[in-house]
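Engineer: with the sequence up front, the predicted model follows.
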Amino acid sequence: MHTPESDMYRPKLIKGHAQHELSRIFWLVLYSRPLSVLWVFGDLVAPWTPRRCRKKRQMQGEERTSGESMASGFCGPNPSREVSTEFPSNVLVRLFAKLPGHIIARCACVSKRWNEAANGEVVWLQAFRRDFGPLPHSRAGNVVHWKKEYQLEYAWRYDTTVEPTILLDVDEYAWCALRRGNSVGVGGPQYFKIWDLENQVVACRCDVGNSDICSICFCGELLLGGDDKGNLRGWDLGTLDLVFNEEAHEGTVQAMANIGGFIVSGGGDGLIKLWDKTVWECRRCLSGHERSVSSLCGTSEGFVVSGSMDCTIRLWDPDSGMCSQVLQGHEGGVLCLASFEGVLVSGSEDTTIRVWNIDQGECFRILNGHDAEVWAISFDGKRIGSGSGDETVKLWDVEDGVCYRTFEVGEWVRGVWWEGDLLATFGSIVHVWKFGQGQ
């Protein structure tokens, strides 16, 4: 395995090796797929086809065979002639796109012409798709430089040199955490607080009386908290004044989410309530779960998704209040949910992660690897991050279901999120990993 330090991020030029790789691939393709190579290279290959070679040898009175003796000159340990130096730029691009990323990085150092071809967006786009699979359309459309995207994905998967930085020590037991931008909201026994990630300080702290904050949600300049007594409360983050206090559920408010025009709450009574953001009144009450609602999220199609301790997941139309789908498969309560472009990911008490096709209502992937319940899920359409009671965070590829990284955190993980080259986990301490540092 090539390491980022030795290959991807600090490429050491071996000109003969890089050119030899191209020559070897060229002749491999030429003798295995002659029609394909003629289509790709056109007239460039014509001087080296057997018929032209035979005619030339007849004119010169040579006795050489057509295939192997010519190929040996290009593919031997000491190439007598480098085919790739004569390729036009568009052919170089097609060849570079077939090479591994670390070889492309070396080729970019050979010459100015090679550098222009090897750093082309087409080369790195095709290399990314070949090595890591396609990105979702919404993410792919936002990529500015595919080379950087390739390097970052390579670092996420293979850079084992990074160590966690303890960014924040929460120093109090916490039930829930939620990130928004550079802020992390934390709720716990009789308090909530907001951490400023950029300055690594507590931006504000508020004592909430004789109740525990079990779920939180941001809504503009308000922080909403659901407590163990079934109340839904909102505080102004600027003044910490209590703006509203509503009796929401019978039992603990275990889940909250900001979905469309509503704040959605799920409680120990098995109900889901949709709250109007302007007047803070309950506009709709959804019933169907047989036990407490433990997780909530929204989809790009506008559905409300709820996970319950009854081991089921339900999709709801917020306008009609009807349940459109019931997803079954988990053998324990559904503790966390995340969705992206028609794909839903769920984590459960049964230690598994399931990946669902929302349109078809089917589970197409089951991820096994955690040794305890899965408390946190983060999903960007390609990569799944999961945090568990086994004190680890795992990164998974949604295409093949393979876990390619495991991080030992040393405590229960209640939250996982990432952005760019940063991965953060939340328990009683916020750990941050930074990837791609060699770039």
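Structural biologist: It's in.
Engineer: where does the chain have its least confident helix or strand?
Structural biologist: In the chain, no helix or strand scores lower on mean pLDDT, DSSP states H and E than helix 68-75, which sits at a mean of 34.
Engineer: buried ones in the helix or strand following that one?
Structural biologist: Where DSSP states H and E defines the elements, the next helix or strand beyond helix 68-75 is helix 89-96. If you call a residue buried by 16 or more other CB atoms under 10 Å, then helix 89-96 has these buried ones: 91-96. (Each C-beta comes from the backbone N, C-alpha and C, glycine too.)
Engineer: go on, stretch 314-329?
Structural biologist: 314-316, 318, 323, 325, 327, 329.
Engineer: how about residues contacting it?
Structural biologist: 259-260, 262, 272, 274, 284-286, 288-289, 299, 302-306, 308, 311-313, 344, 346, 354, 356, 358, 361, 363, 366 (CB atoms under 8 Å, 6 or more residues apart in numbering).
Engineer: return the subset of these lying in strands.
Structural biologist: 259, 262, 272, 274, 284-286, 304-306, 308, 312-313, 344, 346, 354, 356, 363, 366 (DSSP state E).
Engineer: filter those to the buried ones?
Structural biologist: Buried residues within the ones in strands among the contacts of stretch 314-329, defined by neighbour count using 16+ other CB under 10 Å: 259, 262, 272, 274, 284, 286, 304-306, 308, 312-313, 344, 346, 354, 356, 363.
Engineer: could you pull out the strands for the stretch 151-300 of the chain?
Structural biologist: 165-169, 176-180, 183-196, 201-219, 222-227, 231-236, 242-247, 253-259, 262-267, 272-276, 282-286, 293-298 (DSSP state E, counting those that start in this stretch).
Engineer: to residue 102, which of those lies closest?
Structural biologist: strand 165-169 (27.5 Å; CB to CB).
Engineer: now the closest one: average pLDDT?
Structural biologist: What strand 165-169 shows for mean pLDDT is 65.
Engineer: try stretch 306-315
Structural biologist: 96.
Engineer: and for stretch 118-126?
Structural biologist: Mean pLDDT, stretch 118-126: 82.
Engineer: so what's the gap between that stretch and the chain middle?
Structural biologist: Taking CA atoms, centre = their mean, to the nearest Å, one finds stretch 118-126 lying 21 Å from the centre of the chain it belongs to.
Engineer: likewise for stretch 417-433?
Structural biologist: Counting by CA atoms, centre = their mean, stretch 417-433 comes out at 13 Å from the chain centroid.
Engineer: next, the distance between the ends of it.
Structural biologist: 11 Å (CA to CA, to the nearest Å).
Engineer: swap in stretch 233-252?
Structural biologist: Stretch 233-252: ends 13 Å apart by CA to CA.
Engineer: buried sites along it?
Structural biologist: 233-235, 237, 246, 248-249, 251-252.
Engineer: from those, which single one is nearest residue 148?
Structural biologist: Minimum distance to residue 148 across the buried residues of stretch 233-252 is 34.7 Å, recorded for residue 237 (CB to CB).
Engineer: you'd agree that closest one is up against residue 219?
Structural biologist: No - using CB atoms under 8 Å, residue 237 is not in contact with residue 219; the gap is 10.1 Å.
Engineer: include distance to residue 395 and pLDDT when you put the buried residues of stretch 233-252 into a markdown table, please.
Structural biologist: Shown next, in a markdown table, are those (distance: CB to CB, whole Å; pLDDT from 0 to 100):
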| residue | distance to residue 395 | pLDDT |
| --- | --- | --- |
| 233 | 35 | 92 |
| 234 | 35 | 91 |
| 235 | 34 | 91 |
| 237 | 32 | 87 |
| 246 | 39 | 90 |
| 248 | 35 | 92 |
| 249 | 35 | 93 |
| 251 | 35 | 89 |
| 252 | 31 | 93 |
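Engineer: farthest-apart pair in these, please.
Structural biologist: Every pair of the buried residues of stretch 233-252 checked by CB to CB; the farthest is 237 and 251, at 27.1 Å.
Engineer: not counting residues beside it along the chain, what's closest to the residue nearest in space to the middle of the chain?
Structural biologist: In the chain, the residue lying closest to the centroid (CA atoms, centre = their mean) is residue 383, at 2.8 Å. Leaving aside its sequence neighbours, residue 383 sits nearest to residue 395 (CB to CB, 6 or more residues apart in numbering; 6.1 Å).
Engineer: where in the stretch 251-400 of the chain is pLDDT low?
Structural biologist: Within the stretch 251-400 of the chain, no range satisfies pLDDT under 70.
Engineer: and stretch 111-119, C-alpha only, in PDB?
Structural biologist: The C-alpha coordinates for stretch 111-119 follow below in PDB (Å, rounded to 0.1, in the frame of the first residue of the first chain):
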ATOM      1  CA  SER A 111       7.900  17.900 -17.700                       C
ATOM      2  CA  LYS A 112       5.700  20.900 -18.200                       C
ATOM      3  CA  ARG A 113       3.700  19.100 -20.800                       C
ATOM      4  CA  TRP A 114       3.100  16.100 -18.600                       C
ATOM      5  CA  ASN A 115       2.200  18.400 -15.700                       C
ATOM      6  CA  GLU A 116      -0.500  20.000 -17.700                       C
ATOM      7  CA  ALA A 117      -2.000  16.700 -18.800                       C
ATOM      8  CA  ALA A 118      -1.600  15.000 -15.400                       C
ATOM      9  CA  ASN A 119      -3.300  17.800 -13.500                       C
END
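Engineer: got the contact list for it?
Structural biologist: 89, 92-93, 96, 104-105, 107-109, 123, 147.
Engineer: can I get these in CSV including distance to residue 336?
Structural biologist: What follows is these, written out as CSV (distance: CB to CB, whole Å):
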residue, distance to residue 336
89, 49
92, 47
93, 43
96, 42
104, 38
105, 38
107, 44
108, 42
109, 45
123, 38
147, 34
